[in-house]
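> task: produce atomic coordinates for the following.
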Amino acid sequence: MVDRAQPSVSDSENRWQGHLAITREVLLRILLRSAGGDEDFTRAERILYTTCEFWAAIRTRSIAAHLGAQIAENLHNASAAFSAIGANHVANSLNACHRELAAALTAEQLLEPLAALENELSVTSDPVDLLIAHYATAMKDGARVSSERPDFDAVDLPRRAARQ
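Residues are numbered from 1 along each chain as shown. Predicted coordinates:
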C-alpha cells in the first residue's frame, strides 16, 4: 500500500462551497437534457459531468458511495476525465488508488485507500474547481474541447440525473 500523508486541514479552512457558477450553469444544461431523456452526450459533456460528480464526492467525503460496485471502472473514468481537464495530480492519485484497490481482499481494505484518497485530494495542488470552470467556460463559449464520441461513459449520467 502506498503511504499517503494524512493532511491536517481544519474543516473551516477546507469547507467546500460547491461548484463555481459557470460550472453549475453548464452542468445544469446537461442534467436537464438527461432528465428529459437525452442519452446522446459528447465526450466533453461526459468529462464535465464525470469531473463534477467525482469532485463533489471527494469534497463531501462520499467517494465510496459514489463509486458504487464498479469501483475500478469508475476510478478509470474519473482519471481519464481529470487528465482531460489538466488535473494531473488528481489523475495520478486516482491511478495510484486504483492500483492499491487491486490488492484489496476485504471491504475494510477497499475503504482504506478511498479514505486516504479523500484526504489527499482535499489538499491537492491542482486547482480543480478552476480547471473544471475553465473547461465549462470553453464548452459554453463553443470552443472545441472535444466533440468526439466518448471513450468512456460518465457515471450513469442519464439515469442518475433523471432521479434528481
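
> longest helix in this structure, please.
Using DSSP state H to define each element, the chain has its longest helix at helix 43-59.

> name the helices or strands packed onto that helix?
helix 21-35, helix 63-67, helix 71-85, helix 107-121, helix 128-140, helix 157-163 (3 or more C-beta pairs under 8 Å, 6 or more residues apart in numbering; DSSP states H and E). All C-beta atoms are positioned from the backbone trio N, CA, C, and that covers glycine.

> looking at those helices, which is closest to Thr50?
Judged by C-beta to C-beta, the one of the helices and strands packed on helix 43-59 that comes nearest to Thr50 is helix 71-85, at 4.0 Å.

> so what touches that closest one?
The contact list for helix 71-85 (C-beta atoms under 8 Å, 6 or more residues apart in numbering) reads 46-47, 50-51, 54, 66-68, 88, 90-91, 94-95, 97-98, 101-102, 110, 126, 128, 131-132, 134-135, 146, 151-155.

> centre of the chain to the very next helix or strand once past that helix, how far?
Next along the chain after helix 71-85, taking DSSP states H and E as the criterion, comes helix 88-102. How far helix 88-102 lies from its chain's middle: 12 Å, per C-alpha atoms, centre = their mean, to the nearest Å.
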